[in-house]
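Visitor: have a look at this prediction, sequence included:
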Amino acid sequence: MNPLCNRCNRVVYPTEKVNCLDKYWHKGCFTCEVCKMTLNMTNYRGFEKRPYCNAHYPRTGFTCVADTPENIRLKQQSKMQSQARYREDFEKSKGKSFTVVTDTPELQRLKKSQDQVSNIKYHEEFEKSKTPHPQGNPSPAAFQPMAAPQNYHRDSHPEPVSQAAAAPPPSAAGKRYRAVYDYAAADEDEVSFMDGDVIVDVQQIDVGWMYGRVERTGQQGMLPANYVEAV
């Protein structure tokens, strides 16, 4: 069945048929919508599935929008959303999230404490590799005087307790030490102190560790020897 012409709505026979813009036209009906100039397949220009000549082809122009405060706000909001979306996609492509951390004094103090603890752990492992201690570092309880047995009686044991059994391990000859760094205790048998604190009643445990009492706080425990200096 022969189709109908889109212009005159009459039957289009194969000898006079023009198939263009998804429609069928007579050769004489394929004209410009404005000036009715006869067109062909080489000089027509289509717009919304209608033929136009080059002179009457509709021109699309830009629409002017006034820069009102509301439009400026929407423009800035869209720009910020685009930047946030770009940064989010960029961080996802790296496989980790983006976190902005302010370098506050509290964070600086925590970072310094973590560095000091890491330094202590490193020195501890280093000293163990140099002079291994099979029994490990002695605890503060090892320096307490030996208690008498429960069945002890003065008449049955007239001999006095020996000086070596009751006395604590040799101390550092009454020396006082001053802390040159802050230290946070990493275990229950250790003691914390700050730069400038005075350490008294010091007992040398090994090359890397001491046992003493912080004069400012009254707390006592083990402390790293490379964090203090003799006064």
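Guide: On my side now, so go ahead. Residues are numbered from 1 along each chain as shown.
Visitor: tell me the pLDDT at residue 178?
Guide: We note a pLDDT of 93 for residue 178 in this prediction.
Visitor: so which strand or helix has it?
Guide: In this structure, residue 178 sits in strand 177-179 according to DSSP states H and E.
Visitor: burial of residue 86, as a residue count?
Guide: The tally of other residues near residue 86 (other Cβ atoms under 10 Å) stands at 10. (Glycine included, C-beta is placed from N, CA and C.)
Visitor: what distance do you get for it to residue 76?
Guide: Distance, residue 86 to residue 76, using Cβ to Cβ, to the nearest Å: 16 Å.
Visitor: need the helices for this structure, in chain order.
Guide: 69-94, 105-130, 163-166 (DSSP state H).
Visitor: burial measure for the nearest residue to residue 49 once chain neighbours are set aside, as a count.
Guide: Nearest residue to residue 49 in three dimensions, chain neighbours excluded: residue 21, at 4.6 Å (Cβ to Cβ, 6 or more residues apart in numbering). Residue 21: 16 surrounding residues under other Cβ under 10 Å.
Visitor: domains for this protein, by residue range?
Guide: 1-60, 108-137+169-230 (automatic domain parsing).
Visitor: where does pLDDT dip in this protein?
Guide: Within the chain, the stretches with pLDDT under 70 are 61-66, 94-102, 129-174.
Visitor: how about 50 then?
Guide: Within the chain, the ranges that satisfy pLDDT under 50 run 132-136, 139-173.
Visitor: where do the strands sit along it?
Guide: 17-20, 23-26, 45-47, 50-52, 177-179, 198-204, 209-214, 220-224, 228-230 (DSSP state E).
Visitor: what pairs with the last one, parallel or antiparallel?
Guide: For strand 228-230, the pairing partners within the sheet under DSSP bridges are strand 177-179 (antiparallel).
Visitor: in the strand it pairs with, what counts as buried?
Guide: For strand 177-179, the neighbour count (16 or more other Cβ atoms under 10 Å) marks 177, 179 as buried.
Visitor: cool, stretch 187-199 as well?
Guide: Buried residues in stretch 187-199, counted by 16+ other Cβ under 10 Å: 190-193, 197-199.
Visitor: thank you kindly, that will do.
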